[in-house]
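Engineer: with the sequence up front, the predicted model follows.
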Amino acid sequence: MDLYQSIRSLKDYPEEGITFRDINPLLKDPKAFQEALDQMVAKVKDIDFDHIVGVEARGFILGAAMAHELKCGFVPVRKPGKLVAEVIQKSYSLEYGQDSLEIQKDALDPGDKVLIVDDLIATGGTSKASKDLVEALGAQVVAFCYLIELKDLDGRKRVEPTPVYSVLQY
Ligand SMILES: O=P(O)(O)OC[C@H]1O[C@H](OP(=O)(O)OP(=O)(O)O)[C@H](O)[C@@H]1O
Ligand SMILES: Nc1ncnc2[nH]cnc12
């Protein structure tokens with residue numbers, strides 16, 4: 001099955017020079033969604049981790065589905081003001097703009113091993129901020145897993161030497 005057929009590419013969105021990779025057609029198609037999950041799971045199934053950390057919003061969809069499949073816990077990293085209880089925050093820049101991410105202080109324990117999941121890695125800003133949040137809690141990021149990697153932006157360099165796995169590359 002060619003998963004590239006299930007990704008819609010929008011030129012000059014949300015601004016000129018950016019080609020937006022829309023995963024909604026893939027999510028809508030149960031066969032493509034299952035195949036994407038199977039391929040992501042296959043890449044990480046031999047790695048030892050305790051939890052999947054998923055990044056709001058699209059990382060929740062794939063991260064939670066993978067956690068269900070792999071029978072591990074799911075921990076959300078969210079945009080500011082969404083989490084209750086005590087949080088820590090990290091600012092970051094992305095392909096189009098600037099944002100912050102938060103994690104609950106009690107979401108992970110020191111020594112926990114974490115797989116970070118998102119739909120896409122572009123500049124790696126989101127991934128680096130998520131890794132910093134996990135590490136600030138004393139946990140360890142053992143790998144990152146994405147459906148899509150935008151190779152030209154070389155986001156994996158931002159999180160070196162942690163391994164990065166992706167299913168589709170542009
Ligand atoms: O590698 P980067 O340059 O940091 O970009 C990748 C991030 O950008 C997108 O999320 P976005 O912030 O647009 O949020 P959304 O999932 O809520 O749409 C995507 O889902 C990744 O999280
Ligand atoms: N080109 C892109 N397409 C979809 N999501 C993105 N997040 C950052 N860059 C993106």
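Structural biologist: Received it, and whenever you're ready, just let me know what you need. Numbering: from 1, shown residues only. Ligands and ions are numbered 1, 2, ... in the order given.
Engineer: name the residues of the longest helix along the chain that are buried.
Structural biologist: With DSSP state H setting the assignment, residue counts place helix 30-44 as the longest helix in the chain. Neighbour counts using 16 or more other CB atoms under 10 Å place Ala32, Phe33, Glu35, Ala36, Leu37, Gln39, Met40, Lys43, Val44 of helix 30-44 among the buried residues. Quick note: C-beta positions are derived from backbone N, CA and C, even for glycine.
Engineer: give me the contacts around the next helix or strand after that helix.
Structural biologist: On the C-terminal side of helix 30-44, the closest following helix or strand by DSSP states H and E is strand 51-55. Taking contacts as CB atoms under 8 Å, 6 or more residues apart in numbering, the residues outside strand 51-55 that touch it are 60, 62-64, 66-67, 70, 72-77, 101, 103, 108, 112-118, 126-127, 130, 134, 141.
Engineer: in helices only, show me these.
Structural biologist: Among the contacts of strand 51-55, the members falling in helices (DSSP H) are Phe60, Leu62, Gly63, Ala64, Met66, Ala67, Leu70, Thr126, Ser127, Ser130, Val134.
Engineer: can you select the buried ones among the residues you listed for me in ChimeraX?
Structural biologist: The command below creates a ChimeraX selection of those among those that count as buried (16+ other CB under 10 Å):
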select :60,62,63,66,67,70,126,127,130,134
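Engineer: spatially, which two of the ones in helices among the contacts of strand 51-55 are the most separated?
Structural biologist: When the ones in helices among the contacts of strand 51-55 are compared pair by pair using CB to CB, the farthest-apart members prove to be Leu70 and Thr126, with a separation of 21.8 Å.
Engineer: so what's the residue count around the nearest residue to Leu94 once chain neighbours are set aside?
Structural biologist: If you skip the residues right next to it in sequence, Leu94 has Gly125 as its closest partner in space, 4.8 Å away by CB to CB, 6 or more residues apart in numbering. Per other CB atoms under 10 Å, the neighbour tally for Gly125 reads 21.
Engineer: measure Gly125 to Glu95 for me?
Structural biologist: Look at Gly125 and Glu95: by CB to CB, to the nearest Å, they are 8 Å apart.
Engineer: hmm, Ser9 is touching Thr19, no?
Structural biologist: Yes - with contacts defined as CB atoms under 8 Å, Ser9 counts as touching Thr19 at a distance of 5.4 Å.
Engineer: which residue is nearest the middle of this structure?
Structural biologist: In the chain, the C-alpha nearest the mean C-alpha coordinate belongs to Asp118, at 1.7 Å (CA atoms, centre = their mean).
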